[in-house]
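# I'll drop the sequence and a predicted model, then ask my questions.
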Amino acid sequence: MPRRRQRSRMTTDLPSVEPIEGTLEITRLAHGGQGIGHLAGLAVFVPRTLPGDVVDVRLTERRKRHAFAELLALREASPLRVPAPCPLYERCGGCHLQHLGYDDQLANKAQQVRDCLTRIGKLPEVPVLPMLASPQPFGYRNKALYHFDAASNALGLIERGKSAVLDVPQCRIGDARIDAVMARVRGLAGRERALRRVLHQVQVQVGQRIGEVLVTVIVRGEIPAQAQHQLWESLRDLAAGLLMHRKTTTTPAVFNGITTRLAGSAVIHERIGDLRFDIEPQAFFQVNSAQTERLYGLVRAAARLQPDDIVFDLYSGGGSIALTLAPHCAAVHAVEINRQATLLATRQAATLGIANCEFRTGKVERILYRYLAQGIRARVAVLDPPRAGCRPQALEALAKMRVPRLAYVSCSPPTLARDLRLLADLGYRTESVQPLDMFPQTYHVECLATLSHTAAPGPNEA
Ligand SMILES: C[S@@+](CC[C@H](N)C(=O)[O-])C[C@H]1O[C@@H](n2cnc3c(N)ncnc32)[C@H](O)[C@@H]1O
């Protein structure tokens, strides 16, 4: 047994006899935004590089067939390179692709999707539709969560490859209102020790189409009443509401304590399509409002709803997809693990006067089996899981019910490809995958896959 442990360690440690520095040419971009080249028989991943770059690198971590490296010098620059607009780009961990022009980012992301479908999903025949560009390649993000470092008074993102907070006075991908709020909080924290002592993070959310801003200060301890007052006075011309979230445990989750409204509104709003949605600090809401509207339109088109259809909205978050589809079908059964999000969805439905949605808190992979046992069926299921994708049990339950149509929204091409493979083995044909750019300047890719079951429900399964 001790031997096995040693062998597995050796594959991750750098053997001293092998070269740890070298020069290589980057040949392609991997999912994750890193360039890949080859050195000493290894595929080497190098951050901030592009196909056509010739670079000096130092290996930092080695596995059996691949390694990770840091960039030491750029010997020859790829013709694809453009100057990154953000002066913090080299240090900041927020963006990954600012050194690649926007059209090339789109082409690369579409290629990533095709590669994942071929390599992981073994589905080379699935048509990948042309990538839909974001109307705003910069300034699109409607939300930011910044960390605060009291020693340096830095308010921003974690520095790339480090654990230090990088002060970010201006973020090029964020809505400009976020910078304005962060500047006020930074300024006040610099002057007021009582705030500086407890401040941990600041979240700013913007209802871009409605023009409302919600600020949540995340603290360890209490902000004294005087400092609370000063904070609101410095923000009230920019924000509709100010909340305080007091952390009560040391787990890494951002929200793990008690939220209190300090001033103004506890909720802001955003318009997506015909609907006006509530935005709260803890519930998921897509970060690019313009592309979200487009995505929901595509989901509705993919669902091909008939007035008497029953729909499952799985991983439903604050219910925005369910509420978008509800006016066009008979009923929506929505399932979401986060209770706060389910409560928000239920309130949203009441505010919008939508009565044909049922929101359940629970795990999709469990609730679907309950539906199966209870005879609850749908003609269309929308799936919008987190990056890790779906549990196989969830997909198996859909196949057991033979739900005829699926619209699978994914923010991770590798897990999408894995799940489409499983769905193919369970009798689903992927008609198309539509990538759309929800996150310009980063490596993240959003996709909508449309699937249909190859067989009609059997007599005992309907
Ligand atoms: C990408 S978000 C989708 C939100 C929503 N569809 C929207 O458009 O706003 C993924 C959601 O899945 C939820 N989730 C994660 N794992 C889950 C599970 N096993 N069962 C149910 N919901 C889950 C998360 O809490 C999160 O709200």
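Noted; the coordinates are in hand.
# pLDDT (mean, whole number) over stretch 138-148?
Mean pLDDT, computed over stretch 138-148, is 98.
# can you check stretch 31-43 too?
Averaging pLDDT residue by residue across stretch 31-43 gives 91.
# same question, stretch 314-325
On average, stretch 314-325 scores 96.
# got it, and stretch 454-462?
The average pLDDT within stretch 454-462 is 55.
# going forward can the numbers begin at 547, since that is how I track them
In the new count, where the first residue is 547, that last one comes out as stretch 1000-1008.
# low-confidence stretches in the chain?
547-565, 1002-1008 (pLDDT under 70).
# show me where it has its helices.
Ranges of helices in the chain, per DSSP state H, are 548-558, 648-665, 722-737, 739-744, 771-781, 835-849, 866-871, 885-898, 910-920, 938-947, 959-971.
# distance of the closest residue to residue 667 other than its chain neighbours from the ligand?
For residue 667, ignoring the flanking residues on the chain, the nearest one in space by C-beta to C-beta, 6 or more residues apart in numbering is residue 963 at 3.5 Å. In short, each C-beta sits where N, CA and C put it, glycine included. As judged by C-beta to the nearest ligand atom, to the nearest Å, residue 963 and the ligand stand 17 Å apart.
# let me see the contact set for residue 963.
662-663, 665-667, 669 (C-beta atoms under 8 Å, 6 or more residues apart in numbering).
# the ligand: which of these is nearest?
residue 662 (17.8 Å; C-beta to the nearest ligand atom).
# for the closest one, give me its contacts.
Going by C-beta under 8 Å, 6+ apart, residue 662 touches 577, 959-960, 962-963.
# what of residue 647?
626, 628.
# closest to residue 605 out of the helices of the chain?
helix 548-558 (11.6 Å; C-beta to C-beta).
# now residue 764: how far from the ligand?
In terms of C-beta to the nearest ligand atom, residue 764 sits 19 Å off from the ligand.
# over to residue 818?
For residue 818, the distance to the ligand - C-beta to the nearest ligand atom - is 9 Å.
# thought residue 836 was touching that residue, still the case?
No - using C-beta atoms under 8 Å, residue 818 makes no contact with residue 836, being 9.4 Å away.
# give me the number of residues near the residue lying closest to residue 972 once chain neighbours are set aside?
Leaving out its chain neighbours, the residue that sits closest to residue 972 by C-beta to C-beta, 6+ apart is residue 945, at 3.7 Å. Applying other C-beta atoms under 10 Å, we find 19 residues neighbouring residue 945.
# picking up where we left off before, want to throw the contacts of residue 662 into CSV with distance to residue 594?
CSV is the format used below for the contacts of residue 662 (distance: C-beta to C-beta, whole Å):
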residue, distance to residue 594
577, 15
959, 21
960, 21
962, 26
963, 26
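# which of these sit farthest apart?
Largest pairwise distance in the contacts of residue 662, by C-beta to C-beta, is 11.0 Å, between 577 and 962.
# how about stretch 921-932, does it reach the ligand?
Yes - Stretch 921-932 comes into contact with the ligand (C-beta under 6 Å from any ligand atom), by way of 930-932.
# look at residue 818 and residue 836 and report which has more neighbours.
More crowded of residue 818 and residue 836, by other C-beta under 10 Å: residue 818, with 22 against 16.
# and the gap between the nearest residue to that one once chain neighbours are set aside and residue 682?
Spatial nearest neighbour of residue 818, excluding adjacent residues (C-beta to C-beta, 6+ apart): residue 839 at 5.0 Å. Distance of residue 839 to residue 682, computed by C-beta to C-beta, to the nearest Å: 13 Å.
# flag every residue of the stretch 647-796 of the chain that's near the ligand.
Counting by C-beta under 6 Å from any ligand atom, no residue of the stretch 647-796 of the chain sits close to the ligand.
# residue in this structure with the shortest distance to the ligand?
Counting by C-beta to the nearest ligand atom, the chain gets nearest the ligand through residue 863, at 2.6 Å.
# residues touching that residue, list them.
Counting by C-beta under 8 Å, 6+ apart, residue 863 has contacts 829-831, 882, 884, 887, 891, 930.
# buried ones among the residues you listed?
Among these, those that count as buried by neighbour count (16 or more other C-beta atoms under 10 Å) are 829-831, 882, 884, 887, 891, 930.
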